[in-house]
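In: return atomic coordinates for the entry below.
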Amino acid sequence: MSSHNHNSTSNDPRQPSAAKPFVAPQVSPQDLPIDYSGFVAVIFGISGVMFRYKLSSWLAIIFCAQSLANMRNIENDLKQISMAMMFAIMGLVTNYLGPARPGTQS
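Out: Prediction:
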């Protein structure tokens, strides 16, 4: 078995001198895939403000953080993340500091 390993290394057909490092192709900002976590953050933020769901506002903040961590295009993604974050914070402020919803007891 050991002679097989020694024999295969001496007859290796690969050429390390011909190896080239991988270079990622340049992609324009319009061709980048959609940032789904940013889109979901906007949807949860709006639902948290409009329907006054605390869970939606908290989920919007979580998805904002995920979208911020995976940001590819700083200009477009930062606008979307900031809008989602504003909706999420607005929802949390109206839920926790605003007047109580009619029909609920606290």
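In: where does Asn73 fall, phi/psi-wise?
Out: phi -110, psi 110 (degrees, to the nearest 10).
In: got the contact list for the spatially closest residue to it that is not a sequence neighbour?
Out: Using Cβ to Cβ, 6 or more residues apart in numbering and skipping the chain neighbours, the partner closest in space to Asn73 is Pro29 (4.5 Å). Using the backbone N, CA and C atoms, a C-beta is placed for each residue, glycine as well. Each residue near Pro29 by Cβ atoms under 8 Å, 6 or more residues apart in numbering is listed here: Asn73, Glu75, Asn76.
In: surely Asn73 touches Leu32?
Out: Yes: contact status for Asn73 versus Leu32: in contact at 5.7 Å, counting by Cβ atoms under 8 Å.
In: the bottom helix or strand of this structure by mean pLDDT?
Out: Least confident helix or strand, the chain: helix 2-10 with a mean of 55, by mean pLDDT, DSSP states H and E.
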